[in-house]
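Participant: Sequence and predicted structure are below.
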Amino acid sequence: MTTFNTVTRHPNYYTSYTKIAPKDYIISRLKALKAKIAKVNPMAIRDNKWSDLHIAVGAKELKLVKALCNEKNINATDAKCRTPLELAILGNDLETVKFLVQMGGKIAPNMYGWSAIHLAIKIDNVEMVEYLYENTEFQKYDKYGYTLHDWAEAMGRGEIVRFFHDKNHNNKTPLELAVESKNISSVKALIIKGAKFDIKSELGYKIFELAIDSEDMKLIEYLVNHTLVGKNTGQQTLLEKVAQIYDKNINLSKLVKVLIKDNAGFDKALGQKLLQKAIYADDLELVETLYSKGVDAQYKDQLGRSGLHHAIKANCGEELIQFLIEHTTDINYRDKSGLNPLGLAKSNNCTVATKLLLEAGAYESYMYDDVIKVLGEYGY
């Protein structure tokens with residue numbers, strides 16, 4: 001059994017609760033509860049590392065909880081890292097939750113950034129959510145960039161969603177309001193003054209979108225640099241940095257269009273990366289723009305795949321695939337696995353590409369077809 005973040009209280013703070021029940025009552029109730037648990041599983045208490053307080057909370061005996069609670073066990077964790085407060089929440093026991101919170105109870109820190117209120121959302125107890133919202137601390141965004149409202153919505157908790165909607169409507173930060181009104185100058189000013197936001201949160205993505213739409217290069221560069229924190233970007237250009245971003249929530253295709261306006265051309269490696277992003281976004285306009293700036297659609301990657309191979313793999317639309325067919329010298333070129341575009345289209349069940357390639361005269365061929373043909377001519 002371990003403890004964390006123990007709340008320091010004056011010794012007298014707990015005294016009134018330790019005197020709430022006679023010692024004989026505490027001993028007899030605990031003995032009875034432990035015997036009841038042992039009948040179901042004799043090793044449960046030991047294996048789960050339950051403290052007496054865990055047992056009392058699990059039994060929903062508030063009087064016993066109040067008698068046992070002290071600053072040493074209030075945040076003790078069991079074998080599954082659950083504190084008494086977490087058990088009380090999962091047990092849907094609002095009165096015990098209120099008592100433990102008043103005593104300084106918390107749930108154990110976790111890798112997802114979730115707090116007590118997330119558990120209350122999970123069990124769909126709106127009254128408990130309302131209490132924890134007003135009386136406990138929690139992060140605005142979890143590890144995945146979700147707000148409490150997002151979490152409740154994802155869990156299908158309609159009444160709780162409405163509660164957060166009302167709260168959020170009246171408690172938006174200046175940065176959120178500036179983003180909503182698409183006031184780019186206010187957004188920049190607030191960020192310069194230190195307004196905090198998670199780059200990979202819903203708000204962060206909205207700021208990114210606003211920066212791209214306004215073509216504000218300074219804000220775009222700031223956001224790109226923060227997106228790539230921890231990566232060695234060295235002396236790379238902004239366009240080279242963007243080529244390293246892989247995030248479906250950022251409109252990279254639109255961003256590249258903004259950045260390449262004044263670019264006369266690219267080196268092969270960068271051009272290939274940008275072309276792949278355009279292809280996987282099924283953005284014909286960007287593909288055409290890159291092609292007009294000298295990007296070679298036939299340039300092969302490490303797997304020997306051309307732009308046409310990637311378009312088929314991404315199951316792109318008819319217009320983009322037709323463009324690449326028309327701008328590919330050898331539509332029967334095989335990648336390192338031996339597949340040519342038609343073979344790849346068939347194996348990926350890409351009917352549009354299959355139809356267009358057949359109309360263009362492509363044939364299905366594998367790496368060793370020519371060898372087999374030659375051997376056949378010699379009677380093997």
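Facilitator: Now that the structure is in, tell me what you want to look at.
Participant: Give me the below-cutoff pLDDT ranges for the stretch 151-300 of the chain.
Facilitator: 168-171, 230, 262-266, 297 (pLDDT under 70).
Participant: can you pull out the helices in it?
Facilitator: Using DSSP state H, counting those that start in this stretch, the helices found in the stretch 151-300 of the chain span residues 158-170, 174-180, 184-192, 202-214, 217-227, 238-242, 252-259, 268-280, 284-292.
Participant: in the first one, what's buried?
Facilitator: Read that as helix 158-170. Buried residues in helix 158-170, defined by neighbour count with 16 or more other C-beta atoms under 10 Å: 160, 161, 163, 164. Every C-beta, even on glycine, is put in place using the N, C-alpha and C of the backbone.
Participant: Identify the residues contacting the first one.
Facilitator: The reference is to residue 160. Contact analysis of residue 160 by C-beta atoms under 8 Å, 6 or more residues apart in numbering lists 121, 124, 126, 129, 152.
Participant: isn't residue 253 right up against residue 286?
Facilitator: Yes: using C-beta atoms under 8 Å, residue 253 is in contact with residue 286, at 5.3 Å.
Participant: Between these two, which contacts overlap?
Facilitator: residue 278.
Participant: more crowded one of those two?
Facilitator: Neighbour totals were compared for residue 253 and residue 286, and residue 286 leads with 22 against 18 (other C-beta atoms under 10 Å).
Participant: Nearest residue to the more buried one in space, please, no chain neighbours.
Facilitator: Spatial nearest neighbour of residue 286, excluding adjacent residues (C-beta to C-beta, 6 or more residues apart in numbering): residue 278 at 4.0 Å.
Participant: so the one you found touches residue 291, yeah?
Facilitator: No: contact criterion C-beta under 8 Å: residue 278 and residue 291 do not qualify, at 9.6 Å.
Participant: neighbour-wise, which of those two wins?
Facilitator: Per other C-beta under 10 Å, whichever of residue 278 and residue 291 has more neighbours is residue 278, with 27 against 18.
Participant: quick one: contacts for that one?
Facilitator: Shown in contact with residue 278 (C-beta under 8 Å, 6+ apart): 253, 256, 286, 287, 290.
Participant: and the last one, how many neighbours?
Facilitator: Using other C-beta under 10 Å, the number of residues around residue 290 comes to 27.
Participant: Spatially, and excluding backbone neighbours, which residue is closest to it.
Facilitator: Counting by C-beta to C-beta, 6+ apart, residue 290 lies nearest to residue 275, which is 5.4 Å off, once chain neighbours are set aside.
Participant: what do you get for the second one?
Facilitator: Sequence neighbours aside, residue 274 is the residue nearest to residue 256 in space, at 5.7 Å (criterion: C-beta to C-beta, 6+ apart).
Participant: Contacts only, for the one you found.
Facilitator: Taking C-beta under 8 Å, 6+ apart, we find residue 274 in contact with 239, 243, 256, 260, 266, 290, 295.
Participant: My read is that residue 120 contacts residue 136, right?
Facilitator: No: under the criterion of C-beta under 8 Å, residue 120 makes no contact with residue 136, lying 9.6 Å away.
Participant: who's more crowded, those two?
Facilitator: Each of residue 120 and residue 136 has its neighbours counted (other C-beta under 10 Å); residue 120 has more, 28 against 17.
Participant: Quick check: buried residues in stretch 345-357?
Facilitator: Residues 345, 346, 350, 352, 353, 354, 356, 357 are the ones in stretch 345-357 that count as buried (16+ other C-beta under 10 Å).
Participant: Show me what the one helix or strand the fifth one maps to is in contact with.
Facilitator: Taking DSSP states H and E as the definition, one finds residue 353 inside helix 351-359. Helix 351-359 is contacted from outside by 311-312, 315-318, 321-322, 325, 331, 341-342, 345-346, using C-beta under 8 Å, 6+ apart.
Participant: Same check on stretch 340-350?
Facilitator: Applying C-beta under 8 Å, 6+ apart, the external contacts of stretch 340-350 come out as 306, 308-309, 312-313, 315, 328, 331-335, 339, 353-354, 357-358, 362-366.
Participant: The same query, at a cut-off of 7 Å, please.
Facilitator: Contacting residues not belonging to stretch 340-350 are listed as 308-309, 312-313, 315, 331-334, 339, 353-354, 357, 362-366 [C-beta atoms under 7 Å, 6 or more residues apart in numbering].
Participant: do the same with stretch 24-38
Facilitator: With contacts defined as C-beta under 7 Å, 6+ apart, stretch 24-38 is touched by 44, 45, 52, 55, 59, 61, 64, 67, 68.
Participant: Now the fifth one. Nearest residue, chain neighbours left out?
Facilitator: The shortest distance from residue 59 to any non-neighbouring residue, by C-beta to C-beta, 6+ apart, is to residue 33 (5.3 Å).
Participant: Count the residues that sit near residue 330.
Facilitator: Residue 330 has 12 neighbouring residues, counting by other C-beta under 10 Å.
Participant: middle-most residue in this protein, spatially?
Facilitator: In the chain, the residue lying closest to the centroid (C-alpha atoms, centre = their mean) is residue 144, at 3.5 Å.
Participant: now it, what's its secondary structure?
Facilitator: Classification of residue 144 using DSSP: H, G, I helix; E, B strand; the rest coil returns coil.
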